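1. Dropping a prediction and its sequence here:
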Amino acid sequence: MTASRSTHSTRPTALGLPSIPPRGFGNLRGTETFPAAAHHELANGQLRRNIGKATHTIRAKRLNVTGEIPDWEQLRDAGAAVKTDVLNRLPELLEQLEAAVIARGGVVHWATDAAEANAIVTRLVRETGSDEVIKVKSMATQEIGLNEHLEDEGIHAYETDLAELIVQLGHDKPSHILVPAIHRNRTEIREIFLREMAGVDPDLDDNPAHLAEAARKFLRRKFMTVPVAVSGANFGVAETGTLAVVESEGNGRMCLTLPDTLITVMGIEKLLPTYRDLEVFLQLLPRSSTGERMNPYTSMWTGVTPGDGPQNFHLVLLDNGRTAVLADRVGREALHCIRCSACLNVCPVYERTGGHAYGSTYPGPIGAVLSPQLAGMSEPGDPNATLPFASSLCGACYDACPVKIDIPSLLVELRHQKVEHAKFGPEAALMKAASVAMSSSARWTAAQKAAGALRIVAGKKGKISNLPGPLAGWTAARDIPAPPKQTFRQWWQSDEGAAAITQARQNGETQ
């Protein structure tokens with residue numbers, strides 16, 4: 001079988017950068033800025049309690065299981081080294097993967113962007129004659145908005161992961177990479193099931209086991225009757241053409257084995273060079289994501305095996321901005337991400353605002369660096385431009401990342417790029433004004449005297465909470481203290497300053 005491509009799709013040239021710019025980003029582009037969305041989410045006390053309890057639990061489990069391994073730091077180093085190697089050799093590894101999949105009976109499709117990937121999947125589903133698909137939890141398909149596209153085309157996609165099913169039935173959006181319904185408690189889930197799930201017992205309570213059983217009964221009919229499944233992939237092995245999905249419930253195993261047709265959408269950065277590299281990542285991923293020593297279900301498949309599993313396998317290799325990120329020697333480090341969500345579980349900003357505030361498929365620290373690069377942040381008023389500022393730069397995300405992505409440094413770099421792109425925005429204007437004032441002693445003295453007027457604005461509370469016009473961004477999330485009554489130079493020249501200096505000198509001589 002040969003690789004299949006639509007008329008507008010190409011391999012990454014050389015395999016280098018794609019010749020056609022991305023046309024769609026699905027759920028990667030939000031509708032409001034992070035500060036505005038966060039302000040709204042912070043008012044939701046129930047959400048903060050739900051997320052706080054869940055992240056603290058996962059964080060504690062992760063620390064326990066990573067602490068058991070004496071070579072954990074060496075494993076992190078190995079994971080980072082493998083991902084660096086992948087990005088350095090991505091063109092040749094992609095061609096190697098393509099050849100291996102084709103040799104084992106699969107069909108490979110190259111998708112430049114979300115619109116093209118959605119069109120490919122839609123065509124493949126229609127060719128089967130089905131108007132339904134079952135889905136394995138997949139960040140890539142969320143990224144391109146596949147479910148919404150299929151719905152518009154008259155094809156219903158059923159999420160089979162329990163948390164994804166809760167989100168889907170609740171007409172909601174995921175708020176966490178690993179636990180999409182982390183913002184929901186079991187009472188809310190019960191209400192969603194009673195309202196949206198066909199055939200559910202009207203006496204269903206909020207016992208977790210009973211909720212899971214209701215979902216199981218609902219999905220079982222779909223597992224047995226729907227002929228097409230769509231999945232993502234945690235890893236793709238260039239050496240053998242093997243794809244791997246790790247999950248905790250077994251629903252993925254059902255989707256990957258029962259249907260006649262399997263369509264896998266995989267970001268091109270998910271490659272590993274050799275089968276042996278899985279040894280490293282199958283230790284790093286479960287410990288970092290769910291705090292488990294190994295995933296309950298690890299499914300791997302290589303092409304098509306007659307009489308066993310899907311008899312038609314399609315691999316859609318998704319670019320959607322990734323080669324543009326690869327071209328950035330600093331920003332490309334974000335492509336190391338293995339979607340474990342460890343950075344979300346330790347982030348103080350995420351814990352308080354939740355994932356919806358980020359307005360993107362990828363929330364939390366990794367979303368703050370990945371989404372702006374994949375979807376861009378150059379358009380005026382683009383919500384992605386605020387994401388690099390959604391961080392305290394505490395560094396907890398870097399400490400938790402299993403492949404040592406230096407997220408704080410990437411955030412600073414993206415902030416720099418945003419300010420540089422803005423040319424003469426408020427930040428640039430203030431820095432220019434400061435440069436002019438500091439370049440002359442007389443101008444600096446005059447500026448200090450003029451700043452004294454801000455004490456009137458600060459009033460008795462001694463804080464400036466609202467600056468006007470373009471300066472408003474400086475006080476949107478912080479207060480500025482009122483200027484002191486004396487400048488340092490004035491204090492230095494005063495009797496009080498002279499006495500303090502004399503005393504300091506005497507103390508120094510005594511010591």
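-> Yes, it's here.

2. what ranges of this protein fall below the confidence cut-off?
-> Where the chain drops to pLDDT under 70, the residues are 1-30, 380-381, 422-428, 470, 473, 477, 509-511.

3. Show me the longest helix that occurs in it.
-> Counting by DSSP state H, the longest helix found in the chain is helix 45-67.

4. hey, C-alpha coordinates of that helix in CSV?
-> The C-alpha trace of helix 45-67 is given here as CSV (Å, rounded to 0.1, in the frame of the first residue of the first chain):
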residue,chain,number,x,y,z
GLY,A,45,-15.2,28.6,44.7
GLN,A,46,-16.4,25.1,43.9
LEU,A,47,-14.0,24.9,40.9
ARG,A,48,-11.1,25.9,43.0
ARG,A,49,-12.0,23.2,45.6
ASN,A,50,-12.4,20.5,43.0
ILE,A,51,-9.1,21.3,41.3
GLY,A,52,-7.2,21.8,44.5
LYS,A,53,-8.2,18.5,45.9
ALA,A,54,-7.4,16.6,42.7
THR,A,55,-4.1,18.2,42.0
HIS,A,56,-2.9,17.7,45.6
THR,A,57,-3.8,14.0,45.4
ILE,A,58,-2.0,13.4,42.1
ARG,A,59,1.0,15.5,43.2
ALA,A,60,1.4,13.4,46.4
LYS,A,61,1.1,10.1,44.4
ARG,A,62,3.7,11.3,41.9
LEU,A,63,6.2,12.2,44.6
ASN,A,64,5.9,8.8,46.2
VAL,A,65,6.5,6.8,43.1
THR,A,66,9.3,8.9,41.7
GLY,A,67,11.0,8.9,45.0
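
5. got the contact list for it?
-> 41-42, 72, 175, 179, 182-185, 287-288, 290-293, 342, 344-346, 350-352, 354, 400 (C-beta atoms under 8 Å, 6 or more residues apart in numbering). No exception for glycine: its C-beta is placed from N, CA and C like everyone else's.

6. I'd like to know which of those are buried.
-> Among these, those buried by neighbour count (16 or more other C-beta atoms under 10 Å) are 41, 72, 175, 179, 182-185, 287-288, 290-292, 342, 344-346, 350-351, 354, 400.

7. In helices only, show me those residues.
-> Going by DSSP H, the helices hold 41, 72, 287, 288, 342, 344, 345, 346, 350, 351, 400 from the buried ones among the contacts of helix 45-67.

8. what would these look like in a markdown table with distance to residue 468?
-> Putting those into a markdown table (distance: C-beta to C-beta, whole Å) gives the following:
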| residue | distance to residue 468 |
| --- | --- |
| 41 | 27 |
| 72 | 51 |
| 287 | 51 |
| 288 | 46 |
| 342 | 42 |
| 344 | 36 |
| 345 | 40 |
| 346 | 37 |
| 350 | 32 |
| 351 | 33 |
| 400 | 40 |
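
9. any idea which of those residues is closest to residue 116?
-> Set against residue 116, the nearest of those by C-beta to C-beta is residue 344 (29.4 Å).

10. So that closest one versus residue 72, what's the distance?
-> For residue 344, the distance to residue 72 equals 20 Å [C-beta to C-beta, to the nearest Å].

11. go on, residue 497?
-> Taking C-beta to C-beta as the measure, residue 497 and residue 72 are separated by 54 Å.

12. what does residue 480 give?
-> Residue 480 sits 43 Å away from residue 72, going by C-beta to C-beta.

13. What ranges does the stretch 401-511 of the chain have for its helices?
-> Remark: helices assigned in the stretch 401-511 of the chain by DSSP state H, counting those that start in this stretch are 407-421, 426-438, 441-451, 454-458, 488-493, 495-510.

14. Tell me which of the ones you listed sits most buried.
-> Of all these, helix 407-421 carries the top mean neighbour count, a mean of 18, counting by mean count of other C-beta atoms under 10 Å.

15. Next, the angle from that one to helix 426-438.
-> Put simply, helix 407-421 runs at 80 degrees to helix 426-438, going by axes from the mean of the first three to the mean of the last three C-alpha atoms, to 10 degrees.

16. helices or strands up against the helix or strand harbouring residue 266?
-> In the assignment (DSSP states H and E), residue 266 maps to strand 261-267. Of the remaining helices and strands, those touching strand 261-267 by 3 or more C-beta pairs under 8 Å, 6 or more residues apart in numbering; DSSP states H and E are helix 114-128, helix 139-143, strand 228-231, strand 312-318.

17. Of these, give the one that comes closest to residue 378.
-> That would be helix 114-128 among the helices and strands packed on strand 261-267, by C-beta to C-beta, at 18.0 Å.

18. With just CA atoms, put that closest one into CSV.
-> Extracted C-alpha coordinates of helix 114-128, given in CSV (Å, rounded to 0.1, in the frame of the first residue of the first chain):
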residue,chain,number,x,y,z
ALA,A,114,-6.3,21.3,11.4
ALA,A,115,-8.6,21.8,8.4
GLU,A,116,-6.7,19.3,6.3
ALA,A,117,-6.5,16.7,9.1
ASN,A,118,-10.3,17.0,9.7
ALA,A,119,-11.0,16.6,6.0
ILE,A,120,-8.9,13.5,5.8
VAL,A,121,-10.5,11.9,8.8
THR,A,122,-14.0,12.8,7.5
ARG,A,123,-13.3,11.2,4.1
LEU,A,124,-11.9,8.1,5.6
VAL,A,125,-15.0,7.6,7.9
ARG,A,126,-17.4,8.2,5.0
GLU,A,127,-15.6,5.6,2.9
THR,A,128,-16.5,3.0,5.5
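
19. Next, the buried residues of that helix.
-> For helix 114-128, a neighbour-count test (16+ other C-beta under 10 Å) marks 114, 115, 116, 117, 118, 119, 120, 121, 122, 124, 125 as buried.

20. State the distance from residue 222 to residue 229.
-> Distance from residue 222 to residue 229, by C-beta to C-beta: 10 Å.

21. Are there residues contacting both of these two? Which ones?
-> Residues touching both residue 222 and residue 229 by C-beta under 8 Å, 6+ apart: residue 134.

22. Neighbour count: these two, which is higher?
-> residue 229 (26 against 18; other C-beta atoms under 10 Å).
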